[in-house]
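J.: Task: produce atomic coordinates for the following.
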Amino acid sequence: MINAEKIKKDFPIFKRKINNKELIYLDSAATTQRPEIVINKLKEFYEKHNSNIHRGMYSLSEEATSLYEKTRERVAEFINAGKEEIIFTKNCTESINYAVFGYFSKILKKDDILLLTEMEHNSNVVPWKLLSKRIGFKIGYLTIDDSKIDLRELDEILKKRRVKVLAITHASNVLGAINPIREISRICRKYNTKLFVDGAQAVPHFKIDVNDLGCDFYAFSGHKMLGPLGVGVLYVKKELLKSLTPFISGGGTVLEVTKENLKFKEDHERFEGGTPSVADVVAFSSAIDYLNKLGMNNIKKHEEELTRYALDKLNKINDIEIYNNHLKDRVGVIAFNLKNIHAHDVASILDEEGICVRASHHCSMILHKKLGINASVRASFYVYNTKKDIDKLIKGLLKVQKVFGK
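T.: You can find the predicted model right below:
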């Protein structure tokens, strides 16, 4: 099992104080902290291997290329994909845009329908809206009821309407709810609907097997799973790769450029134009090693235990509204509001106690409108969080209410 107190010692940032208080970091859904092994890997790359990749016929470049490509293999193994099915991007948002404009822009027509859900992050809404304005296809939304989508509703919609694509989050960054992608994929295949999955809030928290899930595309970010900022991943099912057009083209993507002709490379390199974040990708492999050592099943159990404990404590606070009170099928993300106290005020006072939470619409405006609120407070947990952290959160929330005379 996870020993979070011991794990915390692997993260240099927890040595510092915030407002002269111990740092309690509860915003891992936005970005995680980095263990020393990842930070050291970055430093090591710049000190020993710094060079561009796939271009130099000298030792440094060959070393850098090897380290970069070994990370691709590591990522592929982590989600049970082929290494040729892995494309590196800057973040999950870029991965989504790559799929939208590099593939779906070619298969979606004016009379088609794209289906989203009411719990999507803006990154899995905005690119589709932009493409819809260009092409004219319609966008529909699966409704959210009690933090869940209805698979029967999905089946009925796909049966009756011409839905070309379903784009859905694997886990909500507000509700924490995990969507049943395997079952959703089965329904999509029945009606020949392509399935795109935003996995930013899933891959860091439980074991992902893209072949078992059966999705066509899967996107996620390295910085939400202990890796450096600046690394995203797009998984593309092998048979669709030839139909994917390079969204970012230029140096490194082509075999031949003449005045008359343009010939792209055949493998994943044709999708990674320009110099990538080589050091960040290389250090990302150390983050994967760290997670593998902990064990994804152990991470999932740890979060479940923390979430159960947190919900129990939060529900004892007067005048609190929690937006998903279910324990089953969720990751360690809890969004809530204190009655008549703005989320920003809550976060500001918690910061005085060294407690970091998110206060906003969390880039999920459609969901917040559905909930009838403009903002919420979000606490999100990861491998370095303890029950003591939650106790301090509860104490901090009681202080907030006291400050506001509640």
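
J.: distance of Val257 from Thr245?
T.: 16 Å (C-beta to C-beta, to the nearest Å). Quick note: C-beta positions are derived from backbone N, CA and C, even for glycine.

J.: now do Arg152
T.: From Arg152 to Thr245 the distance is 36 Å (C-beta to C-beta).

J.: can you check Asp351 too?
T.: Using C-beta to C-beta, one gets 45 Å for the distance from Asp351 to Thr245.

J.: What is the neighbour count of Arg270?
T.: 20 (other C-beta atoms under 10 Å).

J.: just Ile394 next, same as before
T.: Count around Ile394 with other C-beta under 10 Å applied: 15.

J.: Figure out the helix or strand that it lives in.
T.: helix 387-403 (DSSP states H and E).

J.: buried sites along that helix?
T.: By 16 or more other C-beta atoms under 10 Å, the buried positions in helix 387-403 come out as 389-390, 392-393, 396-397, 400-401.

J.: what's the answer for stretch 98-111, then?
T.: 98-105, 108.

J.: any residues touching it, and which ones?
T.: 87, 89, 114, 127-128, 131, 134-137, 162, 164-165, 194, 196, 217, 219, 234, 236, 240, 243-248, 271 (C-beta atoms under 8 Å, 6 or more residues apart in numbering).

J.: Just the buried residues of the residues you listed.
T.: Buried among these by 16+ other C-beta under 10 Å: 87, 89, 114, 127-128, 131, 137, 164-165, 194, 196, 217, 219, 234, 236, 244, 246-248, 271.

J.: Keep only those of these that are in strands.
T.: Of those, the ones assigned to strands by DSSP state E are 87, 89, 114, 164-165, 194, 196, 217, 219, 234, 236.

J.: could those residues go into a markdown table alongside distance to Ile317?
T.: Shown next, in a markdown table, are those (distance: C-beta to C-beta, whole Å):
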| residue | distance to Ile317 |
| --- | --- |
| Ile87 | 45 |
| Thr89 | 40 |
| Leu114 | 40 |
| Lys164 | 45 |
| Val165 | 42 |
| Lys194 | 44 |
| Phe196 | 38 |
| Phe217 | 41 |
| Ala219 | 36 |
| Leu234 | 41 |
| Val236 | 45 |
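
J.: Check those residues and tell me the two furthest apart.
T.: Within these, Thr89 and Lys164 form the most distant pair, 23.4 Å apart (C-beta to C-beta).

J.: and stretch 143-155, average pLDDT?
T.: Computed over stretch 143-155, the mean pLDDT rounds to 94.

J.: what do you get for stretch 383-397?
T.: 98.
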